[in-house]
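Participant: curious how this folds, go ahead:
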Amino acid sequence: MCATVIGGMDRLKRDYINAAKLEGVELKVFTGKESRIAPKLGNTGLIILFTNQLSHAARRDVLNHAKKHNIPVRQAHSCGVSSLRGCLAQAS
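Facilitator: Numbering: from 1, shown residues only. Here you go, the predicted structure:
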């Protein structure tokens, strides 16, 4: 499965990718500082939003894209690696 994380911290990007790899998930990470994230999502099976590190506009843009393309979304307020693991566990 391919998943995408939006939000989170730059310094944890490698940790997010490694944790997902242990779960058998290929992960793309956007830290939320990028502009116009939705067109860059590509073919993803799950979107994980870390809402404490994400602007309201970016969140709205991604949620609209997910709804339009029927992509499941998991949201977590904290942006730790354990939050990522929890969201991936819910998805499987």
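Participant: buried stuff in the longest helix belonging to the chain?
Facilitator: The longest helix of the chain (DSSP state H) is helix 56-69. Of the residues in helix 56-69, Ala58, Arg59, Asp61, Val62, Leu63, His65, Ala66 count as buried by neighbour count, 16 or more other C-beta atoms under 10 Å. Yep, even glycine has a C-beta here, placed from its N, CA and C like the rest.
Participant: just how off-centre is it within its chain?
Facilitator: Taking C-alpha atoms, centre = their mean, to the nearest Å, one finds helix 56-69 lying 12 Å from the centre of the chain it belongs to.
Participant: begin at 199 from here
Facilitator: Sounds good: first residue 199 from here, last item helix 254-267.
Participant: so which residues make contact with that helix?
Facilitator: Applying C-beta atoms under 8 Å, 6 or more residues apart in numbering, the contact partners of helix 254-267 are Ile204, Gly230, Arg234, Ile235, Ala236, Leu239, Ile245, Leu247, Thr249, Ile269, Pro270, Val271.
Participant: next secondary structure after that helix?
Facilitator: Using DSSP states H and E, the helix or strand that follows helix 254-267 in sequence is strand 271-274.
Participant: good, we can wrap up now.
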